[in-house]
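Trainee: Output the structure for:
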Amino acid sequence: MTQPFQLAACAEMLWRDRPIEWRAARLTEMGLGVGLWNWPDHDLARLEAVGATYTIMNGYLQGRLADDEGADMLLTSARETVQIGKRLGVSRLNLHGTGLGDGGIPIRQHEQISGAMWLKARDTLHRICDLAEAEGVVFTLENLNLLDHPGCPFGATADVLALVSAIDRPQLRINLDLYHTQIGEGDLIRWCEKCLPWIGEVQVADNPGRFEPGTGEINYPAIARALDRMGYRGPVAMEAFAEGDSDQAVAAFVRAFTL
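Mentor: Numbering: from 1, shown residues only. Down below sits the predicted model:
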């Protein structure tokens with residue numbers, strides 16, 4: 001048995017009755033990296049004290065890619081978040097097409113994306129890359145499904161791939177969330193192949209339910225074998241709730257991505 005991937009899990013979604021620093025410590029004990037969401041929700045000193053490997057967190061608190069005001073808000077927020085990320089040693093800072101509100105609903109929704117929005121999003125992401133290059137950090141752009149996140153611009157897997165591949169700078173990678181791809185597009189292995197040169201992280205959860213691998217319709221062991229054949233050796237993170245016991249959920253995830 002081999003473990004070709006760098007495994008991590010989102011601490012926000014597991015052991016939800018425990019403090020976040022306890023969850024980070026438990027994942028560290030289990031040999032996994034630790035994913036976070038928004039840093040103001042937590043006591044940073046306590047998270048630092050855990051000594052965990054923090055793999056990803058949201059790289060902004062507000063802002064948008066595709067309009068002047070939103071882009072300025074995004075850059076201001078990202079500059080502040082970069083410093084927090086460096087303090088915690090976070091590997092990747094995550095972005096979306098627009099800020100998300102309660103329940104993941106986009107704060108500003110769009111039925112269609114205009115050509116001007118595409119050009120502005122490209123410009124904004126180049127500004128993000130300039131910031132990342134100066135600070136020595138990496139951002140990722142995550143795909144989101146429109147069933148859970150209606151009206152989210154640049155949420156489709158194809159849109160994220162189009163933006164990141166057009167920019168093609170090492171400071172911006174794809175956070176390929178296969179749970180969202182399954183709902184939005186399906187055909188997961190071929191999307192992995194298309195995105196492969198720009199993947200910064202692969203995130204997983206089963207569908208329906210957004211629980212751990214093995215609880216739904218996605219054949220994650222087959223996807224793990226395919227990623228291995230492609231030569232992918234980067235991070236794979238479970239961003240999923242536990243259907244039952246969180247320790248068992250993490251164990252199921254590790255089994256699915258152990259070859």
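Trainee: Which elements pack onto the helix or strand hosting residue 192?
Mentor: Element membership for residue 192 (DSSP states H and E) is helix 188-195. For helix 188-195, the elements it packs on are helix 157-167, strand 172-177, helix 178-184, helix 220-230, judged by 3 or more C-beta pairs under 8 Å, 6 or more residues apart in numbering; DSSP states H and E. Backbone N, C-alpha and C define where each C-beta goes, glycine included.
Trainee: where exactly do the strands run in the stretch 1-150 of the chain?
Mentor: For the stretch 1-150 of the chain, applying DSSP state E, counting those that start in this stretch gives strands covering 6-10, 33-35, 54-58, 92-95, 139-142.
Trainee: wait, what's in contact with the residue most central in space within the chain?
Mentor: Nearest to the geometric centre of the chain sits residue 175, at 4.7 Å (C-alpha atoms, centre = their mean). Neighbour list for residue 175: 56, 92, 94, 140-143, 200-201, 203 [criterion: C-beta atoms under 8 Å, 6 or more residues apart in numbering].
Trainee: and residue 56, how many neighbours does it have?
Mentor: Around residue 56 there are 28 other residues, counting by other C-beta atoms under 10 Å.
Trainee: So it versus residue 99, what's the distance?
Mentor: 17 Å (C-beta to C-beta, to the nearest Å).
Trainee: Over to residue 116?
Mentor: Per C-beta to C-beta, residue 116 is found 20 Å from residue 99.
Trainee: So these two - more neighbours on which side?
Mentor: More crowded of residue 116 and residue 99, by other C-beta under 10 Å: residue 99, with 20 against 10.
Trainee: Wait, the more buried one touches residue 59, no?
Mentor: No - Residue 99 lies out of contact with residue 59 (C-beta atoms under 8 Å); the separation is 11.7 Å.
Trainee: Which of the helices or strands spans the closest residue to residue 3 other than its chain neighbours?
Mentor: Nearest non-adjacent residue to residue 3, counting by C-beta to C-beta, 6 or more residues apart in numbering: residue 258, 5.5 Å away. Under the criterion DSSP H and E, no helix or strand holds residue 258.
Trainee: Look up phi and psi at residue 258.
Mentor: phi -110, psi 130 (degrees, to the nearest 10).
Trainee: check contacts around it.
Mentor: 1-3, 224.
Trainee: swap the cut-off to 10 Å and go again
Mentor: The contact partners of residue 258, taken as C-beta atoms under 10 Å, 6 or more residues apart in numbering, are 1-5, 7, 221, 224.
Trainee: Burial check on residue 173, number of neighbours?
Mentor: Residues lying near residue 173 (other C-beta under 10 Å) number 20.
Trainee: now residue 61
Mentor: Residue 61: 16 surrounding residues under other C-beta under 10 Å.
Trainee: In contact with it, which residues?
Mentor: Contacts of residue 61 by C-beta under 10 Å, 6+ apart are 38-40, 73-74, 76-78, 80-81, 99.
Trainee: Ok, residue 10 next?
Mentor: Residues in contact with residue 10, defined by C-beta under 10 Å, 6+ apart, are 23, 27, 34-37, 55-57, 203, 205, 237-241.
Trainee: any idea how far residue 25 is from the residue lying closest to residue 30 once chain neighbours are set aside?
Mentor: If the residues on either side of it in the chain are set aside, residue 30 comes closest to residue 250, at 5.9 Å by C-beta to C-beta, 6+ apart. Residue 250 sits 13 Å away from residue 25, taking C-beta to C-beta as the criterion.
Trainee: Please identify which of these two sits among more neighbours.
Mentor: A side-by-side neighbour count of residue 250 and residue 25, using other C-beta under 10 Å, places residue 250 first with 23 against 20.
Trainee: what's the pLDDT at that one?
Mentor: Per-residue confidence at residue 250 stands at 98 (pLDDT).
Trainee: tell me which element it is part of?
Mentor: Using DSSP H and E, residue 250 maps to helix 246-256.
Trainee: Just the CA atoms of that helix, as PDB, please.
Mentor: C-alpha atoms of helix 246-256 as PDB (Å, rounded to 0.1, in the frame of the first residue of the first chain):
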ATOM      1  CA  SER A 246     -15.600  11.900  12.400                       C
ATOM      2  CA  ASP A 247     -12.700   9.600  13.100                       C
ATOM      3  CA  GLN A 248     -14.300   7.000  10.900                       C
ATOM      4  CA  ALA A 249     -15.000   9.600   8.200                       C
ATOM      5  CA  VAL A 250     -11.300  10.500   8.100                       C
ATOM      6  CA  ALA A 251     -10.300   6.900   8.000                       C
ATOM      7  CA  ALA A 252     -12.600   6.300   5.100                       C
ATOM      8  CA  PHE A 253     -11.100   9.200   3.200                       C
ATOM      9  CA  VAL A 254      -7.500   7.900   3.900                       C
ATOM     10  CA  ARG A 255      -8.500   4.500   2.600                       C
ATOM     11  CA  ALA A 256     -10.000   5.900  -0.600                       C
END
